[in-house]
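[1] Quick one: sequence and predicted model below, then my questions.
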Amino acid sequence: MKVLIVNTFYYPHEVGGAEKSVRILAEELVKKGCDVTILALSDDGVKNIEYINDVKIQRVPIMNLYVPGLQDGGGSGITGKLKKLFWHFFDYYNVVSYFYLSKLINEDFDIVHTNNVSGFSVAVWNVARKKIFL
């Protein structure tokens, strides 16, 4: 079974419990014989693929103003607050993310599990939905 798990970050960038639970889930699914791919944001803005504990991790650059949790977004002044406001506006439904992910998610996954979609926006749900026939 081919499983895609989408989360903002993945090991070793464990910001909190979401990243830890995704790592545990992915590694357990691999032990059960599943082919697991993680789609996560890159902290350096570079697209890359790596394998950790037999889990394929595909890191992609963020399609927004900054990486949440890893960059402060411009500080606490008015510029930073405006940047944060626009970040949330773009993240609500990121059209650029939709088209980028449509090209990126070209494999046939049996399951698409979304956990934390900040930085990808809910556009990832539409991309997954158009590839799954019920």
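    Nice, thanks for sending it over.
[2] Next up, the contacts around the most centrally placed residue in the chain.
    With distances taken as CA atoms, centre = their mean, Ala40 lies nearest the centre of the chain, 3.5 Å away. Residues near Ala40 by CB atoms under 8 Å, 6 or more residues apart in numbering: 6-10, 13, 57-60. C-betas here are computed from N, CA, C, even on glycine.
[3] mind redoing it with 10 Å?
    5-11, 13, 19, 22, 57-60, 115-116, 119-120 (CB atoms under 10 Å, 6 or more residues apart in numbering).
[4] Helix, strand, or coil at it?
    Look at Ala40: counting by DSSP: H, G, I helix; E, B strand; the rest coil, its state is strand.
[5] Angles on the backbone of Asp35, please.
    phi -100, psi 110 (degrees, to the nearest 10).
[6] What strand or helix carries the nearest residue to Ser102 once chain neighbours are set aside?
    Nearest non-adjacent residue to Ser102, counting by CB to CB, 6 or more residues apart in numbering: Val127, 5.3 Å away. Element membership for Val127, per DSSP states H and E: helix 123-131.
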